[in-house]
Structures are given as C-alpha cells and as structure tokens.
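Undergrad: Sharing a sequence plus its predicted fold:
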Amino acid sequence: MSNTKPVRKAVFPVGGLGTRFLPATKAMPKEMLPVVDKPLIQYAVEEARAAGIEELIFVTGRNKTAIEDHFDQSFELEWTLQERGKHDQLTQLRRWLPKAGNVSYTRQQEPMGLGHAVWCARHLVGNEPFAVLLADDLVLADRPCLSQMVEVYEQKGGNVVAAMDVAPEHTSRYGIIDIAQDDGRLVTARGMVEKPKSDEAPSRTAVIGRYILQPEIFDHLGRHERGSGGEIQLTDAIRAMVESHPFHAVRFDGERFDCGDKAGFIQANIAFSLARVDLRDQVKDFLAERLSTYRDAAQ
C-alpha cells in the first residue's frame with residue numbers, strides 16, 4: 001500500500017508499578033530490570049530503532065526517573081571510562097543513546113489501563129501512525145519483531161499487531177483475535193476480545209505487546225470507556241476501528257518472553273545468555289551440572 005505514512009514514532013507505556021517483582025521494584029522501575037546486561041526498556045528501544053523509529057515517547061509514572069537518566073548522557077561515567085582507557089565500553093555506551101531531541105516524556109497520573117496510557121501520548125504523537133511497545137514482552141528473534149510488523153504495515157496499512165497462538169486455557173490472559181482470514185503468518189482480523197474465557201474465545205491467536213496504530217485511535221480512547229477490569233482497554237479501541245481501517249495480526253518469527261512474570265523473566269535471562277557467544281558455554285555447563293544434581297537428588 002504505497003500511500004501509507006511511515007511509522008516514525010513509538011510510544012512506550014512505562015507507568016506501571018511492577019508489584020509482581022516487589023521488593024526489587026520498590027525503588028527501581030520494573031522496566032529497568034536487567035536481562036543479562038541490558039534493562040528491559042533498552043531492548044524495546046533498540047527494537048524500535050531497528051525498525052526505523054525516529055522519535056521515542058515514554059509515558060511514565062511516579063518513581064520512573066531512572067528511565068530518563070538511563071537514556072541521558074552521564075558525563076561523570078563517560079569521563080571515568082575515558083580516563084581508564086575503556087574505549088570500547090565508551091563507544092558502546094554512546095552508540096545506543098538516542099540523539100538530542102528524539103526523546104519525549106509525558107506522565108500518566110492515574111493508572112487507568114493501557115488504552116489510557118497510550119491516550120496520554122496523543123499530543124506528542126500527533127496525526128500520524130505510531131508504534132506501541134510494551135517492555136514486559138521481550139522477543140528473541142533474528143529479525144526484530146517490530147521490523148516484521150512494519151513490513152506488513154507498508155503492504156497493508158491500517159492497524160497491525162503482533163500475535164502468537166496460545167493454549168486454550170491461557171486465552172484469559174490476552175487479547176484474542178477474531179479471525180476473518182488466516183494464511184498462517186498473516187491474519188486478517190474482524191475484531192478482538194480482551195481476556196475471554198477459553199469457551200468464549202473466538203480463536204487461540206493472542207496479541208502480545210507490539211502494535212502499529214493509526215492516530216484515529218485517540219478519538220476512541222478519548223471517550224474513556226471502561227472495558228475489561230474496569231480499565232480503558234487498547235483492544236476495545238482497535239476493535240472499534242475495524243470498519244474504517246484494515247486490521248491485521250502478524251505471527252512473528254521469534255520467541256516471546258513474558259518478563260512481567262517471574263518465571264518468564266528468568267527464562268528470558270537464560271535464553272538471551274545462551275544466544276550470546278561470550279556467555280553460551282558457561283551457562284550451558286552450569287545448567288547441565290545443576291540439572292544433573294537435581295536429577296540425582298530426585299532419585
């Protein structure tokens with residue numbers, strides 16, 4: 001679809017409290033929890049930039065200044081690295097920092113749901129398509145998940161979400177796609193249901209925390225209609241746009257880890273460690289030894 005506007009901006013809702021990771025998140029944002037040696041939010045930002053995103057918009061809450069500091073220069077740290085001759089680390093540090101003027105912050109004063117968090121960014125997004133990335137959803141992929149979605153968006157336009165198939169008993173954890181057509185990788189959707197019971201779910205195809213959305217969604221979110229859980233749901237606004245905008249779900253190539261869950265967070269650290277040449281052998285040896293010990297103890 002040649003007349004689609006490019007996706008230049010990305011919204012990162014980072015206002016959540018992270019109560020499932022207390023006490024670790026009492027003073028530190030959950031988005032700053034590290035997977036190996038990078039915080040979750042940095043993975044999301046790097047994925048966005050790899051997909052061509054130019055402007056980063058963070059929707060924050062209280063006690064989130066660590067995120068702002070992370071994406072700012074640290075003159076003392078850079079000077080120390082320079083003085084100690086750690087030029088490789090200094091180069092790496094400067095490489096991923098956003099350029100001046102490419103980062104914006106706005107505040108979600110009251111936690112009223114993902115839809116409300118996205119609506120809080122409306123003035124910074126303006127009248128153009130934009131991406132939404134949830135840092136809790138970490139994707140290990142050869143080609144970044146959002147890049148795969150942008151490719152579909154450039155062909156189809158409209159609203160695009162990332163999706164994966166889940167077990168029937170897990171549909172109540174996700175927004176579930178109501179499928180009109182399905183070619184295996186690309187799904188044409190007629191709608192979406194937020195967290196349905198297994199016997200009420202229209203499919204097993206679940207949406208994860210990656211979206212490409214048209215700016216008209218702010219009109220629907222601005223009505224502040226409460227949905228599942230009494231919150232303003234992004235899925236409800238997307239469903240309301242189906243008749244006026246194409247809606248597609250991409251079954252992305254890669255593995256998604258729910259880092260809002262303790263087990264998922266641990267699994268992500270293991271998987272990302274095994275994907276790194278500098279750590280792979282040590283981690284494999286440790287896991288093999290530890291699993292052997294548990295097997296022996298269980299006998």
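TA: That came through, no problem. Computed from a predicted model, the values in this text were never measured in an experiment.
Undergrad: any weak-confidence spans in the stretch 1-150 of the chain?
TA: Where the stretch 1-150 of the chain drops to pLDDT under 70, the residues are 1-3.
Undergrad: ranges for the helices of it?
TA: With helices called from DSSP state H, counting those that start in this stretch, the stretch 1-150 of the chain shows them at 40-50, 65-70, 75-83, 87-96, 114-119, 122-125, 145-156.
Undergrad: Endpoints of stretch 22-33, how far apart?
TA: Taking CA to CA, to the nearest Å, the first and last residues of stretch 22-33 lie 12 Å apart.
Undergrad: where along the chain do the strands fall?
TA: In the chain, strands defined by DSSP state E lie at 9-13, 34-35, 38-39, 55-60, 103-107, 130-133, 137-140, 159-165, 175-182, 186-194, 205-213, 247-251, 255-258, listed in chain order.
Undergrad: Check which helices and strands the lengthiest helix in the chain sits against.
TA: Longest helix in the chain by number of residues, with DSSP state H as the criterion: helix 280-298. For helix 280-298, the packing partners by 3 or more CB pairs under 8 Å, 6 or more residues apart in numbering; DSSP states H and E come out as helix 262-274. Any C-beta I mention is one placed from the backbone N, CA and C, and that applies to glycine too.
Undergrad: name the helices or strands packed onto the helix it packs on?
TA: Here helix 262-274 touches strand 34-35, strand 137-140, strand 255-258, helix 280-298, going by 3+ CB pairs under 8 Å, 6+ apart.
Undergrad: Now do the buried residues in the third one.
TA: Using 16 or more other CB atoms under 10 Å as the test for burial, strand 255-258 gives 256-258.
Undergrad: Name the nearest of those relative to residue 178.
TA: Taking CB to CB as the measure, residue 256 is the one of those closest to residue 178, at 20.9 Å.
Undergrad: I'd like the distance between that closest one and residue 38.
TA: Distance, residue 256 to residue 38, by CB to CB, to the nearest Å: 17 Å.
Undergrad: ok, now residue 236?
TA: Counting by CB to CB - residue 236 and residue 38 are separated by 33 Å.
Undergrad: How about residue 71?
TA: From residue 71 across to residue 38, the span is 12 Å (CB to CB).
Undergrad: cool, residue 113 as well?
TA: Separation of residue 113 from residue 38 (CB to CB) stands at 28 Å.
Undergrad: So which of those two has more stuff around it?
TA: Neighbour count, other CB atoms under 10 Å: between residue 113 and residue 38, residue 113 has more, with 23 against 14.
Undergrad: State the pLDDT value of the residue nearest to that one when sequence neighbours are not counted.
TA: Spatially, and ignoring its direct neighbours in sequence, residue 113 is nearest to residue 231 (2.8 Å; CB to CB, 6 or more residues apart in numbering). If you check residue 231, the pLDDT there is 82.
Undergrad: My read is that residue 231 contacts residue 119, right?
TA: No. Counting by CB atoms under 8 Å, residue 231 does not reach residue 119; the two are 11.8 Å apart.
Undergrad: Neighbour count for the two, which is higher?
TA: residue 119 (25 against 17).
Undergrad: what sits against the residue nearest to the more buried one when sequence neighbours are not counted?
TA: Excluding the flanking residues, the one nearest residue 119 by CB to CB, 6+ apart is residue 221, at 3.9 Å. By CB atoms under 8 Å, 6 or more residues apart in numbering, the contact set of residue 221 is 115-116, 118-119, 122, 232, 234, 237.
Undergrad: Could I get the contacting residues of the closest residue to residue 163 other than its chain neighbours?
TA: Nearest non-adjacent residue to residue 163, counting by CB to CB, 6+ apart: residue 249, 3.9 Å away. By CB under 8 Å, 6+ apart, the contact set of residue 249 is 160-163, 177, 186-187, 189, 205, 207.
Undergrad: between those, which has the most around it?
TA: residue 160 (31 neighbours).
Undergrad: which residue sits closest to that residue in space, ignoring its chain neighbours?
TA: Spatial nearest neighbour of residue 160, chain neighbours left out: residue 212 (4.3 Å); criterion: CB to CB, 6+ apart.
Undergrad: For residue 45, state which of the contacts of residue 221 is nearest.
TA: For the contacts of residue 221, the nearest to residue 45 is residue 118 (17.0 Å; CB to CB).
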